[in-house]
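>>> Sharing a model that was predicted from the sequence below.
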Amino acid sequence: MVFNPYLPIDEYIPDGEPHVFGDRVYIFGSHDAEGGYTYCMRDYVTYSAPVTDLTDWRYEGVIYRSNQDPDYPNRKYMYAPDVVCGNDGRYYLYYGMGGDYGYGGYDGPISVAVADKPAGPYEYLGFVRNADGTPMQKYICFDPAVINDDGVIRLYYGTRYGYEEEDDFMTNGRLDDEVKMFNRSREEILSYMDSGESINGPAMLVLADDMLTVKEEAKLIIPYRVKGTGFEEHPFFEGASIRKINSTYYFIYSSWLNHELCYATSDKPDRDFTFGGTIVSNGDIGLDGRKAKDRLNMTGTTHGSIENINGKWYVFFHRLTHKSDYSRQACAEEIFIEQDGSIHQVEITSCGLNGGPLPAQGSYPSVICCNLTNHHMPHGSNCIFDDAFPNVTHLGEDRFIGEIEDDTLIGYKYFSFVNNKKLIVIAREETKDNKVVLDVPLRKDERYDQKGFERAEAGPGDAPDADFGEGIVGVLDVYLSPVGESVGQISVKKSADPMEWIRCEGDVDIPDGVHPLFFVYHGTKKIQIKDIEFE
């Protein structure tokens, strides 16, 4: 079996670029620290799996260290990488570096490392450069993606802020914001505008066979101005990725909405891309018309791509944990490319790469939930919160869902039930002694969605006075649909020791078959859940 997140539950590899090399699929991505205070605090590692068995992921070890880059420690952290096999049969890793919260990430070069095998170890090779040897700095060198297009090495990259489409851009201070963010002069930024384009946007260039030198100069693949175009509601923000399916180029990217991976297609690699749609949202926003206010998780950055593995297509993305954008975990879902080339948005699930539902047998970590909401979850984006809301977190060696308050919904999709009559949760009351308080700086940037925390009625964790019985903290009602009737109930017991996990069980009436599983908590005290078990 395999579930989401598909790597070990104490592993944090966001920005995943999956690639099949030989008979294995490799995942290349950034590397967050568990409970870290900023992006990408750890060195690059990779995992791989046989293309015939996506349940069998193998840790390949550290493949490249940030201190191998000559710019270290001026920039300490390596951001979203990509890997390509060159025409010489060697493997080339492209990446950028930055500092805390991304500062400095927009003004460095695109660096390159090389290895003889996909899993390395990689050695620093150089940076993407112009023919005269100077660093290539056209547009914003961020989030590189690369493809070997029948012997042509194409490099995609960039970021986009929509400031320049504001009518008062020249007077509202946004030009100064770009000067500061990009570490470019006003004159340089304005020179792009004078030429009818922008320093912002996704760009593509062609590299020479040395994998470093620009052979064909960079150009924007999508016009900067998106108002009135198919990109208006889902403009490119970051996370460029590129795939070629038959003769069509698929440009996958993280939109300005920040919680979704979108795609655009063209029959040319460098122009005429048209918006295709959303592939996945880490809050299921947009799926079946779901609005942002009804997000099913805390949302924030996502970044990833698609890959064909043993004849099936999958999308790889990441979810958020620890009430922050800085502890992101790798997830994946099967997708379907229709005959007309379109991709419909897929729901996020707990079974992910499993190829089918998870058997309702034995024990599962609670943190494989695909939906976790108190119905007013926030959108982050370069944030870390101390506000109260349910979240995946850890304390010591325990990984669990914390801050579960009254009316919290915890969802799992999907399980295959056969003669299941009892459910068990390993839980405990949340107290000041076991509540997770990360010793990190709190941060909310300008894109933080305050509306996510607005409540119409009670305050955090409040519930009507209720008598659940002696020694009972609250109850978990069990559902097979968020709007259906309860099929059982589990009482969550008190414990004299706040660190002790308590086995809590309840009878359920679940028909045989494949169903989602939802818990809805009711109680006057918050709880934590570590595992769920089936009997």
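Received, thanks.
>>> Tell me which residue of this structure is furthest from the middle?
Glu470 (42.3 Å; CA atoms, centre = their mean).
>>> does that one sit in a helix, a strand or a coil?
Classification of Glu470 into helix, strand or coil gives coil, according to DSSP: H, G, I helix; E, B strand; the rest coil.
>>> With Lys293 instead?
Here Lys293 is helix, with the state taken from three-state DSSP.
>>> can you check Tyr106 too?
coil.
>>> related to what we said a few turns ago, distance of the residue farthest from the centre of the chain relative to Ala427?
Note on Glu470: its distance to Ala427, by CB to CB, to the nearest Å, is 17 Å. Placement of C-beta: from N, CA and C, glycine included.
>>> what do you get for Ala292?
Using CB to CB, one gets 30 Å for the distance from Ala292 to Ala427.
>>> So for these two, which sits in the more crowded spot?
Taking neighbours as other CB atoms under 10 Å, Ala292 and Ala427 compare with Ala427 leading, 28 against 16.
>>> Just the element for that one, please.
strand 422-429 (DSSP states H and E).
>>> which residue packs closest to Ser254, ignoring adjacent ones?
The shortest distance from Ser254 to any residue other than its chain neighbours is 3.5 Å, reached at Gly239 (CB to CB, 6 or more residues apart in numbering).
>>> does that neighbour count as helix, strand or coil?
Following three-state DSSP, Gly239 is assigned to strand.
>>> Just the pLDDT for the residue farthest from the centre of the chain.
For Glu470, the pLDDT comes out at 84.
>>> Give me the phi and psi for it.
Per-residue torsions, Glu470: phi -60, psi 130 (degrees, to the nearest 10).
>>> List the residues that contact it.
Listed by CB atoms under 8 Å, 6 or more residues apart in numbering, the contact set of Glu470 is empty.
>>> how near is it to Ser495?
According to CB to CB, Glu470 stands 14 Å off from Ser495.
>>> Over to Phe237?
From Phe237 across to Ser495, the span is 46 Å (CB to CB).
>>> who's in contact with Val280?
When the contact criterion is CB under 8 Å, 6+ apart, the partners of Val280 are Glu260, Leu261, Thr302, Val315, Phe317, Glu333, Ile335, Gln345, Val346, Ile348.
>>> Looking at those residues, which are in strands?
Counting by DSSP state E, the part of the contacts of Val280 found in strands is Glu260, Leu261, Val315, Phe317, Glu333, Ile335.
>>> Which of those residues ranks first by neighbour count?
Phe317 (30 neighbours).
>>> so what's it closest to, chain neighbours aside?
With CB to CB, 6+ apart as the measure, Gly304 is the residue that lies nearest to Phe317, at 4.0 Å, once sequence neighbours are left out.
>>> circling back: just give me the closest of the contacts of Val280 to Asp132.
Distance to Asp132, by CB to CB, is smallest for Leu261 among these, at 36.8 Å.
>>> ok, now which ones touch the residue nearest the centre of the chain?
Closest residue to the average C-alpha location of the chain: His318 at 2.4 Å, with CA atoms, centre = their mean. Taking CB under 8 Å, 6+ apart, we find His318 in contact with 13-16, 29, 282, 301-304, 328-331.
>>> ok, for Val418, nearest residue in space, not its chain neighbours?
On the basis of CB to CB, 6+ apart, the spatially nearest residue to Val418 that is not a chain neighbour turns out to be Asp512, at 5.4 Å.
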